[in-house]
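Visitor: Give me a 3D structure for the following:
(one chain, ligands or ions: 1)
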Amino acid sequence: MPNNQEDYFDVIIAGAGPSGSSCAYTLGQAGFKVALIDKAEFPRVKVCGDALTYRAVQLIEEIFPNFMPQFLDFENRSKVNSARFISRSGNDAFLRWNKSTYNCTRADLDTLLLNEALKQTNVSFFKETRISDVEILDTHVEITTNKGVFKGNIVVACDGAQSVIARKIQKNSIDRNHHSSAVRAYFQGVKEVEKGCIEFYFTKKFIPSYFWIFPVNKTDWNVGFIKMPSPFSKKNLNIREAFFEVIEDTPELKARFKDATMIGKLEGFGLPLGSKKQPISGHRFLLCGDAASLIDPMWGNGIDNGLESGRIAANHIIQHHSDNKFTKETNTNYDKLVYAKLRKELRFNTRLLRIYSIFPWFIDAGIFLFSKKNPLFFVFKKFIS
Ligand SMILES: Cc1cc2nc3c(=O)[nH]c(=O)nc-3n(C[C@H](O)[C@H](O)[C@H](O)COP(=O)(O)OP(=O)(O)OC[C@H]3O[C@@H](n4cnc5c(N)ncnc54)[C@H](O)[C@@H]3O)c2cc1C
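Guide: Residues are numbered from 1 along each chain as shown. This is a model prediction of the structure:
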């Protein structure tokens with residue numbers, strides 16, 4: 001534990017999810033003395049779809065060069081090579097890719113990433129250490145936890161959707177127009193359509209919200225339902241009820257779940273979306289991943305943007321640490337770098353969500369074009385395989 005007054009860190013990272021581990025590994029490599037603090041003991045559960053995008057896999061390969069060989073040997077994950085999109089009328093279209101992506105429970109993935117970060121001997125991990133307050137002073141920061149006060153030059157907030165730091169310093173509150181919520185549960189015994197395939201069901205009743213089925217390992221499926229942000233979804237939509245209603249009312253799903261068993265319970269969590277640009281830094285602090293609201297508004301992926309922003313934060317600190325100023329002005333460079341990398345895709349998918357919410361037939365038509373029911377399927381096929 002920090003020796004209250006004496007122990008001082010170059011960098012304090014709040015939260016040891018993908019953003020925190022990415023930041024800690026990169027700083028550790030550069031020789032920085034890092035405190036990585038998390039309220040949980042790992043492995044810990046994180047409500048998620050458990051799907052790594054292609055970019056997340058690439059980022060993991062770049063940031064943690066020794067990670068992939070052990071992950072490929074790891075049994076409790078699934079390899080993914082296709083996505084299936086099912087329209088409101090039941091047509092389906094497949095998208096296939098050659099280089100595999102992977103799904104893996106977040107309890108496993110985040111522990112493996114954290115273990116990589118902790119191979120850097122100058123990164124100290126403080127588990128079961130809950131941050132309750134943050135004070136930004138002229139010369140340093142002070143982070144109050146249940147296990148003492150941590151002091152350092154700068155704090156990187158990687159503490160997720162309910163970030164204490166974003167709330168206390170940045171005064172961020174939930175903006176319902178840029179915030180989704182979702183539920184997910186694990187199932188066994190779901191009937192498979194294609195091996196290694198993630199599936200998205202667009203349903204008549206709850207458009208533009210959608211339902212997903214992702215394989216996570218040889219036996220388990222991650223099944224979920226996402227409610228889109230306020231301007232697009234019914235305000236009073238009960239996502240827990242909607243989740244079961246979709247299974248019951250969609251004939252194909254009803255048949256696929258006939259012999260399925262739910263493992264554990266249906267759990268929900270919020271998704272702070274990157275559909276609006278906002279300040280993500282200030283004097284002696286940087287926000288990363290969900291704490292910076294960087295989740296893709298259309299598809300809900302945020303592991304990739306967490307890894308990316310964690311790495312950018314680390315490189316920003318490495319570049320600016322010599323005079324230990326980390327002023328608001330210096331730190332706006334971090335905002336610029338993050339948005340230069342992520343904004344284009346976030347903006348594109350925000351527009352896609354808007355178009356699809358106003359004209360839901362847009363997705364139906366897209367799925368039909370690439371479905372085998374389209375008489376011209378052979379023309380479109382070459383674009384998707
Ligand atoms: C239902 C759902 C499905 C999703 N599906 C996908 C998907 O399939 N693919 C994808 O890429 N993304 C998905 N996401 C988004 C993804 O989960 C997040 O974007 C990602 O976890 C962000 O990583 P992070 O490191 O920023 O935060 P987190 O992973 O949330 O990590 C934050 C860490 O901070 C710790 N912490 C929080 N508060 C404190 C505190 N006060 N003191 C100390 N520690 C604290 C937590 O214990 C946690 O370990 C989904 C999200 C939801 C809700």
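
Visitor: Does the residue lying closest to residue 203 once chain neighbours are set aside lie in a helix or a strand, and which?
Guide: Leaving out its chain neighbours, the residue that sits closest to residue 203 by C-beta to C-beta, 6 or more residues apart in numbering is residue 246, at 5.3 Å. Using the backbone N, CA and C atoms, a C-beta is placed for each residue, glycine as well. Assigned by DSSP states H and E, residue 246 belongs to helix 239-249.

Visitor: Determine the set of other helices and strands touching that helix.
Guide: Helices and strands touching helix 239-249, by 3 or more C-beta pairs under 8 Å, 6 or more residues apart in numbering; DSSP states H and E, are strand 179-188, strand 210-215, strand 220-227, helix 251-256, strand 261-272.

Visitor: Given the first one, what are its sheet partners and their directions?
Guide: Strand 179-188 has the following strand partners under DSSP bridges: strand 220-227 (antiparallel), strand 261-272 (antiparallel).

Visitor: and those strands, which is most packed in?
Guide: strand 220-227 (a mean of 25; mean count of other C-beta atoms under 10 Å).

Visitor: How about the contacts made by the residue of the stretch 51-200 of the chain found nearest the ligand?
Guide: Closest contact between the stretch 51-200 of the chain and the ligand, by C-beta to the nearest ligand atom, is at residue 160 (2.8 Å). Applying C-beta atoms under 8 Å, 6 or more residues apart in numbering to residue 160 gives the contacts 15, 17, 289, 290, 291.

Visitor: List the contacts of the third one.
Guide: Contacts of residue 289 were listed using C-beta under 8 Å, 6+ apart, and they are 15, 17, 18, 19, 20, 158, 160, 302, 305, 306, 309, 310.

Visitor: change it to 7 Å
Guide: Shown here is residue 289, whose contacts under the criterion C-beta atoms under 7 Å, 6 or more residues apart in numbering are 17, 18, 19, 158, 302, 305, 306, 309, 310.

Visitor: quick one: which of those is nearest residue 38?
Guide: When the contacts of residue 289 are ranked by distance to residue 38 (C-beta to C-beta), residue 17 comes first, at 8.1 Å.

Visitor: so the closest one sits right up against residue 159, yeah?
Guide: No. With contact defined as C-beta atoms under 7 Å, residue 17 does not reach residue 159; the gap is 8.2 Å.

Visitor: which residues of this protein fall in helices?
Guide: Under the criterion DSSP state H, the chain carries helices at the ranges 18-29, 54-63, 67-73, 106-117, 164-168, 239-249, 251-256, 303-320, 328-358, 361-369, 377-384.

Visitor: Buried deepest among those, which one?
Guide: For these, ranked by mean neighbour count under the definition mean count of other C-beta under 10 Å, the leader is helix 18-29 at a mean of 29.

Visitor: ok, back up a step: now the strands paired with strand 179-188 in TSV, with distance to residue 87?
Guide: TSV is the format used below for the strands paired with strand 179-188 (distance: least, C-beta to C-beta, whole Å):
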stretch	distance to residue 87
strand 220-227	17
strand 261-272	23
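
Visitor: thinking again about what came up before, out of the contacts of residue 160, which touch the ligand?
Guide: With C-beta under 6 Å from any ligand atom as the criterion, the members of these in contact with the ligand are 15, 17, 289, 290.

Visitor: tell me the contacts of the first one?
Guide: With C-beta under 7 Å, 6+ apart as the criterion, the residues that contact residue 15 are 38, 158, 159, 160.

Visitor: likewise residue 273?
Guide: When contacts are counted by C-beta under 7 Å, 6+ apart, residue 273 is found next to 178, 179, 180, 229, 293, 295, 297.

Visitor: rerun at 8 Å
Guide: Remark: with contacts taken as C-beta under 8 Å, 6+ apart, residue 273 is in contact with 178, 179, 180, 229, 293, 295, 296, 297, 350.

Visitor: pLDDT value on the closest residue to the last one other than its chain neighbours, please?
Guide: If I follow you right, that is residue 350. Taking C-beta to C-beta, 6+ apart as the measure, residue 350 lies nearest to residue 275, with 4.2 Å between them; neighbours along the chain are not counted. Looking at residue 275, its pLDDT is 93.

Visitor: Just give me the neighbour total for residue 275.
Guide: Neighbour count of residue 275, defined by other C-beta atoms under 10 Å: 23.

Visitor: Brilliant, that's me finished.
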